[in-house]
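> Predicted structure and sequence below. I'll ask about it afterward.
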Amino acid sequence: MALKPLGDRIVIKQVEKEETTKSGIVLPGTAQEKPQIAEVIAVGPGGIVDGKEVKMEVKPGDRVIYSKYAGTEVKYDGEEYIIIKQSDVLAVIE
Amino acid sequence: MALKPLGDRIVIKQVEKEETTKSGIVLPGTAQEKPQIAEVIAVGPGGIVDGKEVKMEVKPGDRVIYSKYAGTEVKYDGEEYIIIKQSDVLAVIE
Amino acid sequence: MALKPLGDRIVIKQVEKEETTKSGIVLPGTAQEKPQIAEVIAVGPGGIVDGKEVKMEVKPGDRVIYSKYAGTEVKYDGEEYIIIKQSDVLAVIE
Amino acid sequence: MALKPLGDRIVIKQVEKEETTKSGIVLPGTAQEKPQIAEVIAVGPGGIVDGKEVKMEVKPGDRVIYSKYAGTEVKYDGEEYIIIKQSDVLAVIE
Amino acid sequence: MALKPLGDRIVIKQVEKEETTKSGIVLPGTAQEKPQIAEVIAVGPGGIVDGKEVKMEVKPGDRVIYSKYAGTEVKYDGEEYIIIKQSDVLAVIE
Amino acid sequence: MALKPLGDRIVIKQVEKEETTKSGIVLPGTAQEKPQIAEVIAVGPGGIVDGKEVKMEVKPGDRVIYSKYAGTEVKYDGEEYIIIKQSDVLAVIE
Amino acid sequence: MALKPLGDRIVIKQVEKEETTKSGIVLPGTAQEKPQIAEVIAVGPGGIVDGKEVKMEVKPGDRVIYSKYAGTEVKYDGEEYIIIKQSDVLAVIE
């Protein structure tokens, strides 16, 4: 993976809608905050972010539900990624 | 339960309206903040959240009154859940 | 009382308007912040709330003047209650 | 005095307009912040308020100029009072 | 001086426009923040203000340029004063 | 390089669109936050910024994805630069 | 120099447009934040500002790029100055 996020940011890749349907997960969104399911691709080092200690709790390969609010879409080598802060991850699917 | 919330988040499941009527609880909502009654399904680990120590005080099985403001709805295996922060829990029903 | 508030929240019950008139208290409200008189029914444990130590200074049975701004109305077993933070209590009536 | 303010709040009573004229003080107000002159009736205990140590520096009997912004009017036993935070006191008149 | 400001507040008196012209100072104001020149009349004790240590750095007699934004006008014994926080002083004229 | 940024600021230079296409990176922007790819030209010393310790984690020559929100464009010796805070860097491309 | 800025403020003097052209610097401004080039005339003492330690890093004679947002224009002895906070300095030109 060529994108190395800074601080408490993570790079995620949205799970395909078809795949979402198979696992039986449907995520209705509101206008204010659109929930999403994605796979974690790369994780920043954490540490001191905006003066506060942040410990990274997700790892590459985790499937997460996240809030798309404030995320940034990036297209790289033909793949689409999203860069969010770990605090935008609501839950890990186990 | 397959959804593991991060930080101070909890996964709750709204109590059915029929059940609400039986227990004699009615929760009128305002436009700004809609109160709700729900059962706690899963609880995050707490710890340092946004630079502040958070101790989790609710546990799975608790029935809580919460403020829906900022919560996120998730549908999983045919069930509907809501992910909120513990600070959105107003009171536990004992 | 079956409602156990979390953190620095308290459950209060509005004093009847008739009773208010008898005690000679009239509370004119503004659009922004509507003052109210109520009896304290249940008090949260206090402690660390949003990273700050909060010591509870009201107790069940206290009659208080409070700012309704941000409070949440709850109806339980036929009674109406309001859940507010202790910082929304302006004064205790002694 | 039956009203006991919490934290850094104080109960004040507006000085009559006639009296204001006698002492030669005129307080023009702006739309944003309306200055007022009042007598301090009761003073909260101070201490930790919103996580910050507050030391009370006014006492009952002090005449103060205050900013009415955020104050709450209360009528008790036929008298009108205002509850403000000490930080809304701009100056003491000596 | 009969007005004793609290905390980090100071009482200032605007320098007359005529006097301003003599000293060659012209202070154009914007709609957002209107700069002003004034003489310091009284200075609060400083100390802990809103949880932060404030050291007073101006003294009675100083001529200062200040930002009128958030100041409060007071008329006392026929004289007009303004009460501002020391942080609204931009510079001292030496 | 003649521009020396202060604190946690960095000077970057946008990568040419042609070059962007060659490396296969496409960055769709939203109205709220327009992502960009750029080369780091100069890096501030970090240290205490707004009361918080900031450690610089990018270096001249790094290629970064950044959020243009809040950046300032500067033209110098015929070249166009942008000055941003390091926290506006989302990820480094490796 | 007769203007002595307080805290983390500095007094700067805008470089003439003609001079700007000679040095080859062009600073396009946005409506939100208008970048400017100026010479530093006087520097405040720094120290604790709004509860945070600020170390002054510019000195009289430095040429700086600054963000005019929040600055205040002052005319003194026929010269025009601007008073800004050091944090509004984006970079020093070396």
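Great, that's in hand.
> all helices in chain A, in order from the N-terminus.
With DSSP state H as the criterion, chain A has helices at A:17-22.
> A:Arg63 against A:Ala38, yeah?
Yes - with contact defined as Cβ atoms under 8 Å, A:Arg63 reaches A:Ala38; the gap is 7.3 Å. Bear in mind the C-beta positions are built from the backbone N, C-alpha and C, glycine included.
> Give me the helix or strand of chain A that scores worst on average pLDDT.
helix A:17-22 (a mean of 47; mean pLDDT, DSSP states H and E).
> related to what we said a few turns ago, neighbour-wise, which of A:Arg63 and A:Ala38 wins?
A:Ala38 (22 against 18; other Cβ atoms under 10 Å in any protein chain shown).
> Quick one: neighbours of the residue nearest to the more buried one when sequence neighbours are not counted, just the number.
Computed as Cβ to Cβ, 6 or more residues apart in numbering or on different chains, the closest residue to A:Ala38 that is not its neighbour in sequence is A:Ile12, at 4.0 Å. Counted with other Cβ under 10 Å, the neighbours of A:Ile12 add up to 27.
> for A:Ile12, what are its contacts?
By Cβ atoms under 8 Å, 6 or more residues apart in numbering or on different chains, A:Ile12 lies in contact with A:38-41, A:64, A:66, A:81-84.
> let's see 7 Å
A:38-41, A:64, A:66, A:81-82, A:84 (Cβ atoms under 7 Å, 6 or more residues apart in numbering or on different chains).
> Look up how far chain D lies from A:Gly61.
40 Å (Cβ to the nearest Cβ, to the nearest Å).
> Name the nearest residue to that residue, ignoring sequence neighbours.
Spatial nearest neighbour of A:Gly61, excluding adjacent residues (Cβ to Cβ, 6+ apart): A:Val40 at 6.5 Å.
> go on, A:Arg63?
Closest residue in space to A:Arg63, ignoring its immediate chain neighbours: A:Ile93 at 4.5 Å, by Cβ to Cβ, 6+ apart.
> A:Leu3 now?
Counting by Cβ to Cβ, 6+ apart, A:Leu3 lies nearest to F:Ala91, which is 4.7 Å off, once chain neighbours are set aside.
> Closest to the mean position in chain A, which residue would that be?
Central residue check for chain A by Cα atoms, centre = their mean: the C-alpha nearest the mean position is that of A:Ile12, 4.1 Å away.
> Please name the residues that touch the nearest residue to A:Lys55 once chain neighbours are set aside.
Of all residues not flanking A:Lys55 in the chain, A:Gly46 sits nearest, at 5.6 Å (Cβ to Cβ, 6+ apart). Listed by Cβ under 7 Å, 6+ apart, the contact set of A:Gly46 reads A:8, A:54-56.
> if we can go back for a sec, quick one: contacts for the residue nearest to A:Arg63?
Shown in contact with A:Ile93 (Cβ under 7 Å, 6+ apart): A:63-65, B:2-3.
> Let me know the pLDDT of it.
pLDDT recorded at A:Ile93 is 94.
> Next: A:Glu73.
For A:Glu73, the predicted pLDDT is 87.
> My guess is it contacts A:Glu79. True?
No - A:Glu73 sits out of contact with A:Glu79 when judged by Cβ atoms under 7 Å, with a separation of 11.3 Å.
> Now whatever residue of chain A ends up closest to chain G: closest residue in space that isn't a chain neighbour?
Of all residues in chain A, A:Gly51 sits closest to chain G, at 10.4 Å by Cβ to the nearest Cβ. Nearest non-adjacent residue to A:Gly51, counting by Cβ to Cβ, 6+ apart: F:Lys52, 3.2 Å away.
> any idea how far the one you found lies from chain E?
Remark: distance between F:Lys52 and chain E (Cβ to the nearest Cβ) = 15 Å.
> Next, the contact list for A:Val49, please.
A:7-8.
> Look up how far chain C lies from A:Met56.
In terms of Cβ to the nearest Cβ, A:Met56 sits 21 Å off from chain C.
> For the lengthiest strand in chain A, which residues meet the burial criterion?
Identified as the longest strand of chain A according to DSSP state E is strand A:35-43. Buried residues in strand A:35-43, counted by 16 or more other Cβ atoms under 10 Å in any protein chain shown: A:35-38, A:40-43.
> Between which two of those residues is the distance greatest?
A:Pro35 and A:Ala42 (21.4 Å; Cβ to Cβ).
> re the thing from before, who does the residue nearest to the centre of chain A bridge with?
A:Val40, A:Ile82 (DSSP bridges).
> For it, give me the pLDDT.
pLDDT, the model's per-residue confidence, is 96 for A:Ile12.
> Can you give the contact residues for stretch A:78-92?
A:3, A:5, A:8-14, A:38, A:41, A:54, A:56-58, A:62, A:64-67, A:70-74, B:3-6, B:9, B:11, B:72, B:83, F:24, F:90-91.
> what's the residue lying farthest from the centre of chain A sitting at in phi/psi?
Most distant residue from the mean C-alpha position of chain A: A:Gly51, 22.4 Å away (Cα atoms, centre = their mean). When quoted as degrees, to the nearest 10, the phi and psi of A:Gly51 stand at phi 80, psi 0.
> wait, it sits on F:Asp50?
No - with contacts counted by Cβ under 7 Å, A:Gly51 stays clear of F:Asp50, the gap being 8.2 Å.
> give me the residue from chain A nearest chain D.
Taking Cβ to the nearest Cβ as the measure, the point where chain A comes nearest chain D is A:Lys52, at 15.7 Å.
> How many neighbouring residues does that residue have?
14.
> Which residues does it form beta bridges with?
In this entry, A:Lys52 is beta-bridged to A:Val49, by DSSP bridges.
> quick one, phi psi at A:Asp62?
phi -60, psi 140.
> Contacts only, for the closest residue to it other than its chain neighbours.
Spatial nearest neighbour of A:Asp62, chain neighbours left out: A:Val40 (4.4 Å); criterion: Cβ to Cβ, 6+ apart. By Cβ under 7 Å, 6+ apart, A:Val40 lies in contact with A:10, A:12, A:58-62, A:64.
> Also A:Ala42?
Counted by Cβ under 7 Å, 6+ apart, A:Ala42 has contacts A:1, A:3-5, A:10-11, A:60.
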